[in-house]
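Peer 1: Quick one, structure for this:
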Amino acid sequence: MLWDTAVYVFILGLPVLLLLAWFDTTQVNGEPRWIKPIKFFLSLAVYNLNLEWLYRVFRSHGTATAFNRVRWVIAAGLLIEAALIVVQAARGVQSHFNVATPLDSVIFGIMGVIITVVVLAALYSGVLIFRARRQAPPVIAEATVLAIIIMTLGSFQGFTMTSPTSEQLDQWQQGAEIRLSGSHFVGAAPSDVHKTVPVVGWSLDIGDLRIPHFIGLHALQFLLVLAFLLHAARVPAARLIVRCFAASYVALFAFSLLRAQSGLPLM
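Peer 2: Residues are numbered from 1 along each chain as shown. As a prediction, the model looks like this:
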């Protein structure tokens, strides 16, 4: 029931957030305040539906109990995470990196702990899927395991954004008030007119760590779509193709991460 609630909240919550964004144009950190909750709810809806399908495909007598526990942990964690993001948007403040007040610091800290637990639970689900891999066609099973490994890398890469920047450390050493700890931008601070990708807001002028984070997190969708197509078309050497695609995908993730950490835009 908890898992179903999470799926319904993320899917049904999207129209509500879209209405709020339509009528409320208040800006937070240079973008409408409801944009971040909308992006998270959309991403979490896809994520939950993907995992639900995987749990049904790879569920067996030996893994059923463990799968149910993992689903409970992930559902509870993501519901709390989403609720905190909505609360911060409703307050009109930034949800990530925000340490302006004790309350903001506590919320940001809780979000960090929860997402760590969720990532570890997802990684454990990959172990369970690997054990039950004979439940699905080989190409789909292999694509799933590889995707979860890449997704875990992308998840943990998110922690590269939480370290204080050099400017924030300088401010702290000078005794100035610290309102933000960490950033998804690398390099010079973005100007008021810096170019961005529509909707997602990725910077086209400086390094942006959200790009490799997105690439890593959504490996599951890309690899599974490829695996389904190869399986449906009965392509010879399908598993080899999946492995090559996964290797290329990791290379893209690494390239985008190195570009961002160098303070350079992806394109």
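
Peer 1: can you list the weak-confidence ranges in the stretch 151-267 of the chain?
Peer 2: Residues of the stretch 151-267 of the chain that meet the criterion pLDDT under 70 lie in 188-193.

Peer 1: Show me the residue at the heart of the protein, geometrically.
Peer 2: residue 217 (5.0 Å; Cα atoms, centre = their mean).

Peer 1: What count of nearby residues applies to the nearest residue to that one once chain neighbours are set aside?
Peer 2: Closest residue to residue 217 apart from its sequence neighbours, by Cβ to Cβ, 6 or more residues apart in numbering: residue 154 at 4.6 Å. Just so you know, the C-beta spots here come from the backbone N, C-alpha and C atoms, and that holds for glycine as well. Using other Cβ atoms under 10 Å, residue 154 is surrounded by 21 other residues.

Peer 1: so which helix or strand takes in residue 154?
Peer 2: helix 138-157 (DSSP states H and E).

Peer 1: Check residue 104 too.
Peer 2: Here residue 104 is assigned to helix 102-131, by DSSP H and E.

Peer 1: Can you mark which positions in that helix are buried?
Peer 2: Of all the residues in helix 102-131, those buried under the rule 16 or more other Cβ atoms under 10 Å are 104, 107-108, 111, 114-115, 118-119, 121-126, 128-129.

Peer 1: follow-up on the earlier one: what angle separates the helix holding residue 154 from helix 102-131?
Peer 2: 160 degrees (axes from the mean of the first three to the mean of the last three Cα atoms, to 10 degrees).

Peer 1: Would you map the strands across the stretch 151-267 of the chain?
Peer 2: Ranges of strands in the stretch 151-267 of the chain, per DSSP state E, counting those that start in this stretch, are 185-186, 207-208.

Peer 1: Which strands or helices does the last one pack on?
Peer 2: In terms of contact count using 3 or more Cβ pairs under 8 Å, 6 or more residues apart in numbering; DSSP states H and E, strand 207-208 is assigned the packing partners strand 185-186, helix 238-261.
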